[in-house]
Each structure stands twice: as structure tokens, then as C-alpha cells.
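Trainee: Sequence and predicted structure, then a few things I'm wondering about:
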Amino acid sequence: MNALRNILMRREAGIFVMIVLFCLAVGIAKPQFLTTNSLRIILLLVPLIMIGAMGQMLVLVARHVDLSIGSILGLSAMVTGMMFRYHPEIWWPLGFAVSIGTGALLGLFNGTLVTVFKLPSIIVTLGTLNLFRGLTYIISNAKQIDRQYVPSALKAMSQTSPIFGIPWIIIIAFSVALATYYFVMHTRVGRQIYALGSNPVAAPLRGIDVTRVTLLVFTISGALSGLAGIMYASRWGFVNPSNTGAGFEFQVIAAVVIGGVSINGGVGTVLGTVLGVLLLGCLSSALPLLGIPGTTQNAIYGSVIIIALIIDRTVRRQGIASIARRQA
Amino acid sequence: MNALGTTEPRMTSAPKPVRSGWQTALIRPETMTFVLLIIGVIGASMLSPFFLDINYILRSFTLSAEIAIVALVLTMVIIAGEIDLSAASNMALSACLFAFAQQAGLPMPLAIGVGLLAGLAMGGFNALMVVGLQLPSIIVTIGTLIAYRGLAQVIAGDKSIRVPDWFIGINNQMILGIPLPVILFVLIAIVLGLVLSATIYGRQIYQVGTNETAARHAGIRSKRIKVGLFLLLGLVSAIAGLMTASRLGSVRYDIALGGELQMVLMAMLGGTYIFGGRGSILGTFLAAWLLVIVSTGMTVANLLPAIQLTVLGILLIVAIIATNFIYSRAQR
């Protein structure tokens, strides 16, 4: 009884119930929403957001924020795309290493600015958001990488599947989520991220190397955005200097905040983040079905972030109140 | 600000000799901005002799005047220890609501009222979230940045809405040969500068930004001050939105898209301390001119807009590093 209550009291249960209710409501209005085909559409929408969300979750848990992930995605995808274009002879899976490596370097750059110069991450990444986007234009000479340059084996990863008809990119996305779960729950550094985010003053006193952990979360966030970059090339078959990754940070932050990751640091679970991503995926795929124009997407993302913030705030207040009651 | 910011650089504890007046003046970030401004003008005039023509600079300034005006108020918000990234989206939404209202047949004064009220309401909403619900302004205003722009997109769609002919062309209105937006910018800068440096209210803003708890214990109504600042920023953003509508002659949802970067950049280049409590209107005033010279210079030099973005991004990072460095060294 108590165990069941504990499960129901969890934040994740709330998000799960919201997903179910939302899908049922849309399904009643438009029965074609509740088919395996639309499940496939939802699952194909989310891999990029899911991978970005894992990185952003770590950054938020460490009490920072990374606004530059969309531009990192764009720049790493462009670097990889240019490699495919000018050196088609290179074995294509190396593109993953190039894209992830580029992303990791850019993330490390963010982390360095934040740790060495003690700057607030929001302003640093607002700067690098524009800096990286501009670099994407410069290296590509404002030209798109067209379909014919992207290796067909890479493009096939979004269609073909190793098992059960699930495309590769979905499997990669969920593997990243699993790996993140292992990292944050079962490694020392993973736990240190939470300790740092819960109390940045106490963390160094407990022997946590704050600089190292902060650098690490930004590098991971960058590397995962780089992975999302090559998967963008796989999913859409092109890389465009202005569109690729633009607005990605907003979708990711929306998903992460819905998933119950606290903006005050120290709180957030992989399961919650995954559910947040799925809820966002359901939302985005239901809109066109319901005949709501695509122009409303941004308004919805923005409102969803604000609503999630308010919920987070109320939940936290109640949590504190219930602890106080227990102690009284 | 506190939630996501890194810890403030520590002051050196060793006592330092008192600096003489000119040394203190030299070490102020505004001086740096001023020096950069002069370097900028000299550099730009080597690029093109047009930059020595004051009329050319004034004309170029009208293109950024709206954003510069908002940056002045944003400076006060940052000094009070908060931030607002949603001001540029606010400009777009209030301009769209205004254009929509007048297209729907509302008389102009009423339509303008709708736009201004909308801006005030948006500022009020930010204030409610940040001051009322105690949420960090960084994340709240990222949320409202997307939401306000998104609502503008819902209202205007992908179309542009025309405004009446007589409303068009604020940038061509000249007073004593100076474009009206520039005059407005200078006037607002003078008023805000006086408020910030010479009134009790202004000094209280600094105290709230330096140490809010201490300020509250000293009897300063910090909540009221912050709410006032957010409301003012909302109202001024709406005015700036209407000015943009007048300059462009039509309204689209992507008015001032990405303007938050320029606003924050102007404040940072002007030496406003990102953690609050320090900064001045004079700094932002000078930085606005500097930024206009830099971006016009880049346009004259035929740089792609994307490369200009890169430069602005680098400038932002360099500006905060420099300001933090100056403040952590200077004894003030």
C-alpha cells in the first residue's frame, strides 16, 4: 500500500498520467491518433530532443543552463556534412566521431568560460549561441549540404531497423537515456553532479571538484548535441546553416522542465525527462491532426515551460510543508 | 539571477591604498566603453569616410534606437539583480496586438492603448512569476521569450500587417536635424540616468541588487521596486515595438527577432555587472553608440549578417569577462 502510494506521489507518475489523458483525449477526437502508425510518428519526432534533453538535464541539475545546444547541433552537423562532401572516401561511421567530437569541444569551450572566468552560464551560452551559429555560416560559406552528399547508409538509419521494426535512431536515443541513467545513478561523478547542484557551497567542502564536474556536464551536453547533429543529417538528409538546430534549445528546455527537472538545481530524473520528451512529442504530433496551425508551436512550448515552472514551484512548496508537518 | 549564476568572484581582502580621483575614473568600465567608442569611430572612419559624418551615424542609429531604449531599462533591471530576456518578444507581441487592433477597426488611439497595455501586462506577468512566485527570472523569461513571440506568431501568422500611412516614418521625423528616435533615446537616457543616480528610488535599486536581504532589513521594499522595474520594462518595450512598427511601416511576428542579444550586449558592454548592484545608464548609453558603429561598420565592410552575429557573440563574452575583471580588481 505504502509502496503504491510512493509511486503515485512521484512526479513521474503525474507526467505519465498527463500523457495517457492527453492521448486519450486526442484519440477520442481523432481516432487515427491511437494507431501504431502515429506512435511511429511520435517516436520519430523525439530522438533528437531526447538526446539533447539528457545533456540539458545534467546541466540544469548542476545549476547551470545551456542555451547554445541548437547552435552546437548545427555546427557539428555542418562540420560532419562538409567532411562527407569533400572526403566522400572516408568511412561514414567516422562521421559520428567527428560530430560528437566537435560538439564536445564546443561544450568544453562553454564550460571553460563558465568555470575559469566565473561567468553566469546563461549569458555565456547566449553569446556562444550566436557565435557558433555564425561560425556555421562562415565554414559552410552559407551553403547547404544537400541530400546527395549525406551517405545513404546514414540516411537509412532513420528508416531501417535492427530489431522489431524500431529504427536505429530511436534505439540510439533510448540507449543514451539508459546510459545517462546508469551515469547519474551508479557512478561517483554522476552523484557529484546532484551534490553540486543541491548546494554549490557545500559541494567543494565535501571534496567535490566543482570545476571538473562543471566542465564535464557542459562537455557532455555539447557531445550529445553533436550526436544529435549527425542524427539530424540522418533524419532529414541535409544540413542547412540557418535551419539546422535553430530553436532546438527551446524544445529541449521545454521537455526537460516538463519532466520535472528543477531549475534550482539538484533535482531531476532520467525517467521524468524521458516522459517529458514523450509528452512534448505527443503534443507536437497531435497539433496537425487537430488542425491547429504550426505557427502555434512556439506559443505552446513557451506556455508549457511556464506552466511546468509553476507546477514545480507548488510541488516544492508542498514538499517543504509536508516535511514541516512531519517534524512538528 | 542567483539560481543559475556562478558564485560571485571574491573581493581581495588585502587593504589597498585609496585611489585618487582620476585613477578611480580610469578604472570605471564606462571609461573603457568610451575609449572603445573612440577606437570604433576611428576604425570605422578608416573603413569609410561616411563615419565622420554625424548625420550618417545618426541615421544608422535610428535602426537600433528602439532596442537601445529598451536596453536602458534592462540595465536597471540587471542592476536590481534580475534579468529579462523576453523584452524583444514583448516588442513583437505588443506591436502585433496594436496592428491587429487597428486592422480590426479600432480607432488609432485605442489601438495604441491596446499595444501599450499589452506590454504592461507582459511586464506584469514576468513580475508576477519572478517576484510573486519567486521563480528565477532567467528561466521565466526564457519561457516568456518563447511564449510572447509564439503568441505574436499566432496573431499575425506569417503575414505582415500594414499600419496607417500617417503612423509610418518616425525615423524620418526630424527635430533640429536629429531623427526623433535618437532624441527619444537621449531624453529617456537622461531621465533614467537621473532617476538611477540622483533619487532615493534609484539608489535603492543598487542596494537591492547588491544584497537583497540586507536591503529588505534596511526597510527597502525590494519587491515593490522589482515589480516597478518589470512593469516599466514592459511598457517601454511596447513603446519600442510601436516605434519599430512605425519605422518599418508594417508589423510581422519577427520584429526585433534576436533583439535580446543586442540588449544584453549593450548593457554588458556598458559595464553593467551581471550579478547586479553595479552599472550605469551612462555606460549603456555609450555602449549603444559603440554597438551601432560596430554593426554599421560591419555592414559597410560587406560582412554577412551571420558573421556579424559571430562578432556580437564574441563581443558579449569578452564584455562580461572584462567587466567582471574590472569589478573584481577595483575597490569601489
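Mentor: All right, it came through fine. Residues are numbered from 1 along each chain as shown, chains lettered A, B, ... in the order given.
Trainee: need the helices for chain B, in chain order.
Mentor: Using DSSP state H, the helices of chain B run over B:21-27, B:29-47, B:54-79, B:87-103, B:108-127, B:137-156, B:180-198, B:200-210, B:212-217, B:222-248, B:259-269, B:281-300, B:305-329.
Trainee: Hmm, I typed the wrong one, I wanted the stretch 51-200 of chain A.
Mentor: With helices called from DSSP state H, counting those that start in this stretch, the stretch 51-200 of chain A shows them at A:69-86, A:94-116, A:121-140, A:152-156, A:168-186, A:188-198.
Trainee: Out of the ones you listed, flag the one nearest chain B.
Mentor: helix A:121-140 (2.7 Å; Cβ to the nearest Cβ). For every residue, glycine as well, the C-beta is placed using N, CA and C.
Trainee: And that closest one, what's buried?
Mentor: Neighbour-count burial for helix A:121-140, counted by 16 or more other Cβ atoms under 10 Å in any protein chain shown, picks out A:121-138, A:140.
Trainee: residues in contact with the residue of the stretch 1-150 of chain B at minimum distance from chain A?
Mentor: Closest approach between the stretch 1-150 of chain B and chain A, counting by Cβ to the nearest Cβ: B:Ala147, at 2.6 Å. Taking Cβ atoms under 8 Å, 6 or more residues apart in numbering or on different chains, we find B:Ala147 in contact with A:298-299, A:301-303, A:305-306, B:89.
Trainee: Residue numbers of the stretch 101-250 of chain B in contact with chain A?
Mentor: Contact residues, the stretch 101-250 of chain B versus chain A (Cβ under 8 Å from any Cβ of the partner chain): B:129, B:133-136, B:138-140, B:142-151, B:153-154, B:157-158.
Trainee: ok so, going back, of the contacts of B:Ala147, which is the nearest to B:Pro29?
Mentor: Among the contacts of B:Ala147, B:Ser89 lies closest to B:Pro29 (Cβ to Cβ), at 28.2 Å.
Trainee: Return the nearest residue of the stretch 201-332 of chain B with respect to chain A.
Mentor: Going by Cβ to the nearest Cβ, chain A is nearest to B:Thr310 of the stretch 201-332 of chain B, at 2.7 Å.
Trainee: Settle this for me: that residue is touching A:Leu131, isn't it.
Mentor: Yes: counting by Cβ atoms under 8 Å, A:Leu131 is a contact partner of B:Thr310 at 5.4 Å.
Trainee: intersection of neighbour lists for those two?
Mentor: Common contact partners of B:Thr310 and A:Leu131 (Cβ under 8 Å, 6+ apart): none.
Trainee: helix or strand for the residue in the stretch 201-328 of chain A that chain B sits nearest to, which one?
Mentor: Residue of the stretch 201-328 of chain A nearest chain B, by Cβ to the nearest Cβ: A:Gly302 (2.6 Å). For A:Gly302, the host element (DSSP states H and E) is helix A:297-327.
Trainee: Residue ranges in the chain under the pLDDT threshold?
Mentor: Let's take chain A. Filtered on pLDDT under 70, chain A yields the residue ranges A:1-10, A:316-328.
Trainee: switch to chain B, that's the one I care about
Mentor: Low-confidence segments of chain B (pLDDT under 70): B:1-27, B:329-332.
Trainee: on that earlier part again, with adjacent residues omitted, what lies nearest to the residue of the stretch 1-150 of chain B closest to chain A?
Mentor: Nearest non-adjacent residue to B:Ala147, counting by Cβ to Cβ, 6 or more residues apart in numbering or on different chains: A:Gly302, 2.6 Å away.
Trainee: And for that neighbour, the neighbour number?
Mentor: Residues lying near A:Gly302 (other Cβ atoms under 10 Å in any protein chain shown) number 24.
Trainee: OK, contacts around it?
Mentor: Counting by Cβ under 8 Å, 6+ apart, A:Gly302 touches A:250, A:254, B:143-151.
Trainee: run the last query once more with 6 Å
Mentor: By Cβ atoms under 6 Å, 6 or more residues apart in numbering or on different chains, the residues touching A:Gly302 are B:143, B:146-147, B:150.
Trainee: what residues does chain A put near chain B?
Mentor: Chain A comes close to chain B at residues A:64-65, A:117-120, A:122-123, A:127, A:130-131, A:133-134, A:137-138, A:250, A:263-264, A:295-296, A:298-299, A:301-303, A:305-306, A:309, A:313, as judged by Cβ under 6 Å from any Cβ of the partner chain.
Trainee: do you know how far the nearest residue to A:Ile263 once chain neighbours are set aside is from A:Leu309?
Mentor: Counting by Cβ to Cβ, 6+ apart, B:Ile139 is the residue found nearest to A:Ile263 once chain neighbours are left out, at 4.5 Å. To A:Leu309, B:Ile139 is 6 Å away according to Cβ to Cβ, to the nearest Å.
Trainee: Compare the two (neighbour count), which wins?
Mentor: Set side by side, B:Ile139 and A:Leu309 show more neighbours around B:Ile139, with 26 against 21, by other Cβ under 10 Å.
Trainee: list the contacts for the most centrally placed residue in chain B?
Mentor: For chain B, B:Ala71 is the residue whose C-alpha lies nearest the centre (Cα atoms, centre = their mean; 1.0 Å). The neighbours of B:Ala71, taking Cβ under 6 Å, 6+ apart as the test, are B:263, B:266-267, B:284.
Trainee: Now tabulate those residues in TSV and tack on distance to chain A and neighbour count.
Mentor: Listed next are the contacts of B:Ala71 as TSV, based on distance: Cβ to the nearest Cβ, whole Å; neighbours: other Cβ atoms under 10 Å in any protein chain shown:
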residue	distance to chain A	neighbour count
B:Met263	11	30
B:Met266	13	31
B:Ala267	10	29
B:Thr284	15	30
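Trainee: Geometrically speaking, which residue is the centre of chain A?
Mentor: Geometric centre of chain A, nearest residue: A:Ala53, 1.7 Å, by Cα atoms, centre = their mean.
Trainee: isn't that one right next to A:Gly276, touching?
Mentor: No: judged on Cβ atoms under 6 Å, A:Ala53 makes no contact with A:Gly276 at a distance of 7.1 Å.
Trainee: which neighbours do the two share?
Mentor: Listed as contacting both A:Ala53 and A:Gly276 by Cβ under 6 Å, 6+ apart are A:Ala255.
Trainee: Pull the number of nearby residues for the closest residue to A:Phe117 other than its chain neighbours.
Mentor: Using Cβ to Cβ, 6+ apart and skipping residues adjacent in sequence, the residue nearest A:Phe117 is B:Ile321, 5.0 Å away. For B:Ile321, the count of nearby residues is 17 (other Cβ under 10 Å).
Trainee: pretty sure B:Ile321 contacts A:Pro120?
Mentor: No: counting by Cβ under 6 Å, B:Ile321 stays clear of A:Pro120, with 11.8 Å between them.
Trainee: Could you pull up the residues touching the closest residue to the residue nearest to the centre of chain B other than its chain neighbours?
Mentor: Distances taken as Cβ to Cβ, 6+ apart put B:Met266 closest to B:Ala71, at 3.9 Å, once the chain neighbours are dropped. If a contact means Cβ under 6 Å, 6+ apart, then B:Met266 has B:71, B:284, B:287-288, B:291 as its contacts.
Trainee: before we move on, what about A:Val210?
Mentor: Here A:Val210 is in contact with A:203-204 (Cβ under 6 Å, 6+ apart).
Trainee: could you redo the last one with a cut-off of 8 Å?
Mentor: Listed by Cβ under 8 Å, 6+ apart, the contact partners of A:Val210 are A:115, A:196, A:200, A:203-204.
Trainee: Let me know the distance separating it from B:Pro109.
Mentor: Counting by Cβ to Cβ, the gap from A:Val210 to B:Pro109 is 56 Å.
Trainee: cool, and A:Gln148?
Mentor: 58 Å.
Trainee: what does B:Tyr273 give?
Mentor: Separation of B:Tyr273 from B:Pro109 (Cβ to Cβ) stands at 41 Å.
Trainee: Same check on B:Leu257?
Mentor: 28 Å.
Trainee: These two: who's more crowded?
Mentor: Shown here are B:Leu257 and B:Pro109; by other Cβ under 10 Å, B:Leu257 has more neighbours (13 against 9).
Trainee: Thank you kindly, that will do.
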